[in-house]
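Asker: Need coordinates for the following:
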Amino acid sequence: MASATAFKNWLFRWRSDGTGPIVLRQRRIFILPTGVAFLFATVLIVMLLGAVNYNLALGHALVFLLAGVGLSGMIHVFRNLEGLILTGGRAEPVFAGENAHFPLHLANSRRVPRLALEFRAGDGVPVVCDLPSEGRIRIELPVPARQRGWLLLPRVRLSTRYPLGLFVAWSYLHPSLRCLVYPRPINRPLPPLAFAAAQGERHGQGGQEDFAGLRERQPADSPRHIAWKAVARDFDHRPLLVKQFAGGAQSELWLDWRQLPPGADSESRLSILAGWVLAADAAGVLYGLALPGIELKPAQGAFHRQLCLETLALYQQP
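Answerer: Residues are numbered from 1 along each chain as shown. Okay, here's the model as predicted:
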């Protein structure tokens, strides 16, 4: 068993560091006949026996002509892969339960197109494409993201049967690409807002002494801040409005591990926190994230959302 594993590792030892291109050369391409090739060979043998039995010169010529065409198909199926240049790209983060899409950039330096190229990453769905002559294309390989953390691109099998389908040529690729998988978000009501004083100044409780105007209510806003009088004037055609106050304090939302149900397991807690991060970002409030041993100060924006989701995805990961 150990010798078989060592031979397999030697046979498929080519591995990219994810930064440089992969160029398919002769020593990386394998060819085998398909089931159609065996059927084709059987038909040729029957035709040859008939030609010998009836002494048909044209029958001999036809058999050898078809055999030559079949052998030329082996050369063309090899040339369909030889010299192909592949470069990995950056995979965008996804949530657990979705498909991660690993980009591959293909380049063809020849004046003939490369047709019917089939890519399959692990047990994923195959992707078939055609590469034009002296052209470049970009494809994406789907891989199921079943759990949070880093998802490594599995070994990719590139194969083709073009042009006759009598032979299959394939090569194994293993670029070092990875995709960050966030926890699967679970929708739960946001925790209540808190008020923090700005630079040590405090004007009344929560800085609510100076009225600054009205705005539409967000899911994270407390019902006691709703301007019921303003809403009552046109209840049917106006959304709920919330009073805004100016002062030395602003509202903050803490997404704290300790606020979660005590009986929930770690993965469920991380999923609830991921849902809170998305809801808080959509509400446009300042929010911070608190995990055991990790604390991200309240902020907002796309960068802060990404930082929080990345922290949740990599929490207690090796």
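Asker: Tell me which other helices or strands the longest helix along the chain touches.
Answerer: Using DSSP state H to assign secondary structure, the helix with the most residues in the chain is helix 57-79. The criterion is 3 or more C-beta pairs under 8 Å, 6 or more residues apart in numbering; DSSP states H and E, and the helices and strands that helix 57-79 contacts are strand 30-33, helix 35-54, strand 167-173. Where C-beta positions appear, they are placed from N, C-alpha and C, glycine not excepted.
Asker: Ok, which of those comes nearest Leu240?
Answerer: Distances from Leu240 to each of these were compared by C-beta to C-beta, and the smallest falls on strand 167-173, at 55.2 Å.
Asker: strands paired with the closest one, and their directions?
Answerer: In the sheet containing strand 167-173, its partner strands are strand 30-33 (antiparallel), strand 156-160 (antiparallel), by DSSP bridges.
Asker: chain center to the last one, what's the gap?
Answerer: Between the centre of strand 156-160 and the centre of its host chain there is 19 Å, according to C-alpha atoms, centre = their mean, to the nearest Å.
Asker: Mind listing residues that contact that strand?
Answerer: Outside of strand 156-160, the residues within contact range by C-beta atoms under 8 Å, 6 or more residues apart in numbering are 24, 77, 80-81, 84, 86, 104, 114-121, 141, 168-175.
Asker: In this structure, where is pLDDT below threshold?
Answerer: Under the criterion of pLDDT under 70, the regions of the chain flagged as low confidence span 1-19, 194-225, 227-238, 243-250.
Asker: Could you identify the helix or strand that succeeds the longest helix of the chain?
Answerer: Counting by DSSP states H and E, the next helix or strand C-terminal to helix 57-79 is strand 85-88.
Asker: Direction included, what does the helix or strand following that following strand pair up with?
Answerer: Next in sequence after strand 85-88, counting helices and strands by DSSP H and E, comes strand 94-95. In the sheet containing strand 94-95, its partner strands are strand 178-182 (parallel), by DSSP bridges.
Asker: And the helices in the stretch 101-250 of the chain, which stretches?
Answerer: If DSSP state H, counting those that start in this stretch is used as the criterion, the helices of the stretch 101-250 of the chain fall at 228-233.
Asker: before we move on, the earlier item: can you lay out the strands paired with strand 167-173 as CSV showing distance to Leu193 and mean neighbour count?
Answerer: Conversion of the strands paired with strand 167-173 to CSV gives the following (distance: least, C-beta to C-beta, whole Å; neighbours: other C-beta atoms under 10 Å):
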stretch, distance to Leu193, mean neighbour count
strand 30-33, 62, 13
strand 156-160, 48, 21
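Asker: so which of those comes closest to Pro93?
Answerer: Distances from Pro93 to each of the strands paired with strand 167-173 were compared by C-beta to C-beta, and the smallest falls on strand 156-160, at 20.4 Å.
Asker: now stretch 49-65, how far from the centre of its chain.
Answerer: 56 Å.
Asker: Show me the contact partners of it.
Answerer: Residues contacting stretch 49-65 (C-beta under 8 Å, 6+ apart): 44, 47-48.
Asker: Quick check: buried residues in it?
Answerer: Neighbour counts using 16 or more other C-beta atoms under 10 Å place 51, 59, 63 of stretch 49-65 among the buried residues.
Asker: Stretch 29-45 now?
Answerer: Buried residues in stretch 29-45, defined by neighbour count with 16+ other C-beta under 10 Å: 29, 37, 40, 44.
Asker: okay, that stretch in PDB with CA atoms only?
Answerer: Output for stretch 29-45, consisting of C-alpha atoms alone and laid out as PDB, is shown next (Å, rounded to 0.1, in the frame of the first residue of the first chain):
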ATOM      1  CA  ILE A  29      -0.700  14.200 -20.400                       C
ATOM      2  CA  PHE A  30      -2.000  10.600 -20.400                       C
ATOM      3  CA  ILE A  31      -4.000   8.900 -23.200                       C
ATOM      4  CA  LEU A  32      -6.100   5.800 -23.200                       C
ATOM      5  CA  PRO A  33      -8.600   4.300 -25.700                       C
ATOM      6  CA  THR A  34     -12.300   4.700 -24.900                       C
ATOM      7  CA  GLY A  35     -15.100   2.100 -25.300                       C
ATOM      8  CA  VAL A  36     -15.800   3.500 -28.700                       C
ATOM      9  CA  ALA A  37     -12.200   2.700 -29.700                       C
ATOM     10  CA  PHE A  38     -12.600  -1.000 -28.800                       C
ATOM     11  CA  LEU A  39     -15.900  -1.200 -30.800                       C
ATOM     12  CA  PHE A  40     -14.200   0.600 -33.700                       C
ATOM     13  CA  ALA A  41     -11.300  -1.900 -33.600                       C
ATOM     14  CA  THR A  42     -13.700  -4.800 -33.500                       C
ATOM     15  CA  VAL A  43     -15.400  -3.600 -36.600                       C
ATOM     16  CA  LEU A  44     -12.100  -3.200 -38.400                       C
ATOM     17  CA  ILE A  45     -11.100  -6.700 -37.500                       C
END
